[in-house]
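[1] Below is the structure, and that's it, no one-letter string:
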């Protein structure tokens, strides 16, 4: 072995890496991204779950109980409700995760040692369900118990917890709908990120430019076949989820496919944008990694969205997978309709419009 020739090869590789900006960014970017995401953004100790509190008793004791619950920092007021039915409607639409209902006969229940409040939980996420269940362990420190500690027995179960949509706490019921989004994100972005680059590397780009096909027609022609593939993947995951794990579809199957189609189009448009910027298929694959990692970790699939700090939530709101998970879990697990989840639909439509516009614009510049 000649050390001089070996050293020449080493120098050549280092110079090539220096010219490859994408690879150079991955060398430093991936460790930094993982460190920040796992160390800062990921938090399993849930706090500030969006909550609505209904105090039908309106006494000093009931208000003290509500204040004690808020003092735990597990919940935070996020919506107004006046009845238990309002709380259930808010949970159904996904606006809150927890509802607190204090009945009118709060004082009488307290005197008899009966449950004095109900915690209504969206149990589709088992982690949220476990966090909300901690409220049932809250000791009663109401004025009534302080004044009459000797005469009023403390109830054995002062606060009851009622979990909806997944009372058995089967993790597959929460994971399988999310897997639809994960698989569609990985495959759709990956397929289309190499679409334009592949044509360029094979020498077909000049032929496509010479044809009367417009830029928009070429972009849509690249997207539509993969859209059909994405719907086939969605059907396969749904069937396997129902057959193997008993995952329910409580909402409309048509709404499920509309939600999947929105995510498919969002990911395909993002992949096309990556394809217009990448110089090679390998570089396009590298760039998609910067989409996969934040999507998996920040969207709420692996770790609860409520446990993330505010900057991480801002980043997550940009990702289409975040909005799709709210859509698909709302439809499949809570039986919600698309019009009830319209903010997530609008967010995905805005993402599709923006990414497709940028992709067509970038592609037109390459043709010039």
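    Perfect, thanks for sending it. Please read all numbers here as calculations on a predicted model, not as lab measurements.
[2] low-confidence ranges in the stretch 51-200 of the chain?
    140-157 (pLDDT under 70).
[3] Please enumerate the helices of it.
    60-71, 84-93, 106-112, 126-133, 143-147, 171-193, 195-201 (DSSP state H, counting those that start in this stretch).
[4] elements contacting the first one?
    Helix 60-71 is packed against strand 49-55, strand 75-77, strand 98-102, helix 106-112, helix 143-147, with contacts defined by 3 or more CB pairs under 8 Å, 6 or more residues apart in numbering; DSSP states H and E. No exception for glycine: its C-beta is placed from N, CA and C like everyone else's.
[5] Deepest-packed of those, please.
    Comparing these on average neighbours per residue, with mean count of other CB atoms under 10 Å, the densest one is strand 98-102 at a mean of 25.
[6] tell me the angle it makes with strand 49-55.
    20 degrees (axes from the mean of the first three to the mean of the last three CA atoms, to 10 degrees).
[7] from the chain's centre, how far out does strand 98-102 sit?
    Computed by CA atoms, centre = their mean, to the nearest Å, the chain-centroid distance of strand 98-102 equals 24 Å.
[8] Same check on stretch 80-99?
    The answer for stretch 80-99 is 20 Å, by CA atoms, centre = their mean.
[9] start to end distance for that stretch?
    With CA to CA, to the nearest Å as the measure, stretch 80-99 spans 10 Å from end to end.
[10] ok, and what's touching that stretch?
    Residues from elsewhere that reach stretch 80-99 (CB atoms under 8 Å, 6 or more residues apart in numbering): 49-54, 75, 78-79, 101, 118-122, 125, 128, 132, 135, 164, 306, 326, 329-330, 334-336, 340-341.
[11] 7 Å instead, please
    Here stretch 80-99 makes contact (CB atoms under 7 Å, 6 or more residues apart in numbering) with 49-52, 54, 75, 78-79, 101, 119-122, 128, 132, 164, 306, 326, 330, 334, 336, 340-341.
[12] on that earlier part again, now distance to residue 177 too, for the helices and strands packed on helix 60-71, in a markdown table please.
    Below are these laid out as a markdown table (distance: least, CB to CB, whole Å):
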| stretch | distance to residue 177 |
| --- | --- |
| strand 49-55 | 20 |
| strand 75-77 | 25 |
| strand 98-102 | 21 |
| helix 106-112 | 38 |
| helix 143-147 | 43 |
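[13] Could you point out which of these sits nearest residue 179?
    Closest to residue 179 of the helices and strands packed on helix 60-71, according to CB to CB: strand 49-55, at 23.9 Å.
[14] Tell me the strands beside the closest one, with direction?
    Strand pairing for strand 49-55, using DSSP bridges, gives strand 75-77 (parallel), strand 98-102 (parallel).
[15] I'd like these laid out as CSV, including distance to residue 11.
    Output for those, formatted as CSV (distance: least, CB to CB, whole Å):
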stretch, distance to residue 11
strand 75-77, 57
strand 98-102, 61
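[16] before we move on, the earlier item: quick one, which of the helices and strands packed on helix 60-71 is nearest to residue 286?
    Per CB to CB, nearest to residue 286 of the helices and strands packed on helix 60-71: strand 49-55, 37.4 Å.
[17] can you list contacts of the closest one?
    Strand 49-55 is contacted from outside by 62-63, 66, 74-84, 87, 90, 95-102, 128, 131-132, 306, using CB under 7 Å, 6+ apart.
[18] Could you tell me which of these count as buried?
    Taking 16 or more other CB atoms under 10 Å as the criterion, what is buried in these is 62-63, 66, 74-75, 78-79, 81, 87, 90, 95-102, 128, 131-132, 306.
[19] Let me have the helices of the stretch 51-200 of the chain in TSV, adding distance to residue 294 as columns.
    Putting the helices of the stretch 51-200 of the chain into TSV (distance: least, CB to CB, whole Å) gives the following:
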stretch	distance to residue 294
helix 60-71	32
helix 84-93	27
helix 106-112	45
helix 126-133	20
helix 143-147	48
helix 171-193	11
helix 195-201	22
